[in-house]
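> coordinates only, sequence not included:
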């Protein structure tokens, strides 16, 4: 390669490497916000508070409200859950050997939750 | 055939220049569509958790000898002003500092004898215009009250609170 000045070849190669590394850094930074988004969305979608709340109210009803009115509250909970929250809630309870047994079923189409709850 | 490779470095330089320009264009185009915090639903999640926690606290009796929780009393006596004060105390205040600009619209739903649901507008800090970006926090409340035209007895009603920031 006569008369060709190739002194700067290494500089150009390093320039390549650096620009590639910038490119990948930009990709990584782009992804970081999306990670926060998917986390927040999955937290919103998961019915943690719904399940806690329905457990809470069922526990209260079973321990406090006597049986004939218990049926009214049972219908309240099942009908309102379906109409306002789009979730199927069922529960049943009985007392045996000084313990109260409660079965809770919750299903909102995405998340299902079943529990056998024993209250001594 | 005379092999002339005088242009090799210029070609490499051209490649480098093209890459730099493409990357610059990529960065610039990306910068216009950058995710802001509002797009990521993180503050929706926080507002919903805050609302659920506030309702939970309102449904806890201060003393175990209390016959009913503050929230049960509020719904039983239709104490709209008390609900507004208490909810905003838990969500909107931060000591004596600035407010959090949280607004709410609360209603509760009950079931009648035909298993139809009725929504009863309860309290709000501002009218809903439809343009708000709201999140919903809900709480089951057991209340001894003749709701939905049925006789007074223990009933479960679903309290729903829409929360948004100004």
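That came in fine, so what should we check first? For clarity, every value in this text was computed on a predicted model and none was experimentally measured.
> Identify the residues contacting stretch A:5-15?
For stretch A:5-15, contacts defined as C-beta atoms under 8 Å, 6 or more residues apart in numbering or on different chains pick out B:8, B:9, B:12, B:13, B:16, B:20. Yep, even glycine has a C-beta here, placed from its N, CA and C like the rest.
> Could you restrict the residues you listed to the ones contacting chain A?
When contact is defined as C-beta under 8 Å from any C-beta of the partner chain, the contacts of stretch A:5-15 meet chain A at B:8, B:9, B:12, B:13, B:16, B:20.
> Next, format those as JSON lines and append secondary structure, pLDDT and distance to residue B:101.
Below are those laid out as JSON lines (DSSP: H, G, I helix; E, B strand; the rest coil; pLDDT from 0 to 100; distance: C-beta to C-beta, whole Å):
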{"residue": "B:8", "secondary structure": "helix", "pLDDT": "79", "distance to residue B:101": "64"}
{"residue": "B:9", "secondary structure": "helix", "pLDDT": "80", "distance to residue B:101": "61"}
{"residue": "B:12", "secondary structure": "helix", "pLDDT": "85", "distance to residue B:101": "57"}
{"residue": "B:13", "secondary structure": "helix", "pLDDT": "87", "distance to residue B:101": "56"}
{"residue": "B:16", "secondary structure": "helix", "pLDDT": "88", "distance to residue B:101": "51"}
{"residue": "B:20", "secondary structure": "helix", "pLDDT": "90", "distance to residue B:101": "45"}
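> Now list the buried members of those residues.
Neighbour counting by 16 or more other C-beta atoms under 10 Å in any protein chain shown classes B:9, B:12, B:16 among these as buried.
> Can you show me the helices along chain A?
Using DSSP state H, the helices of chain A run over A:9-45, A:48-64, A:67-80.
> Next secondary structure after the lowest-mean-pLDDT helix or strand in chain B?
For chain B, the helix or strand with the lowest mean confidence is helix B:8-32, at a mean of 85 (criterion: mean pLDDT, DSSP states H and E). Using DSSP states H and E, the helix or strand that follows helix B:8-32 in sequence is helix B:42-58.
> so that next one versus helix A:48-64, what angle?
Following axes from the mean of the first three to the mean of the last three C-alpha atoms, to 10 degrees, one obtains 10 degrees for the angle between helix B:42-58 and helix A:48-64.
> Show me what the longest strand along chain B is packed up against.
Longest strand in chain B by number of residues (criterion: DSSP state E): strand B:153-165. If you count contacts as 3 or more C-beta pairs under 8 Å, 6 or more residues apart in numbering or on different chains; DSSP states H and E, strand B:153-165 packs onto helix A:48-64, helix A:67-80, helix B:42-58, helix B:70-76, strand B:102-111, strand B:135-145.
> what's the distance between the most centrally placed residue in chain A and chain B?
When C-alpha atoms, centre = their mean is applied to chain A, the residue found nearest the centroid is residue A:46 (2.6 Å). Distance of residue A:46 to chain B, computed by C-beta to the nearest C-beta, to the nearest Å: 10 Å.
> what's the residue nearest to residue B:61 when sequence neighbours are not counted in contact with, if anything?
The shortest distance from residue B:61 to any non-neighbouring residue, by C-beta to C-beta, 6 or more residues apart in numbering or on different chains, is to residue B:69 (4.6 Å). When contacts are counted by C-beta under 8 Å, 6+ apart, residue B:69 touches B:58, B:59, B:60, B:61.
> Sounds good, over and out.
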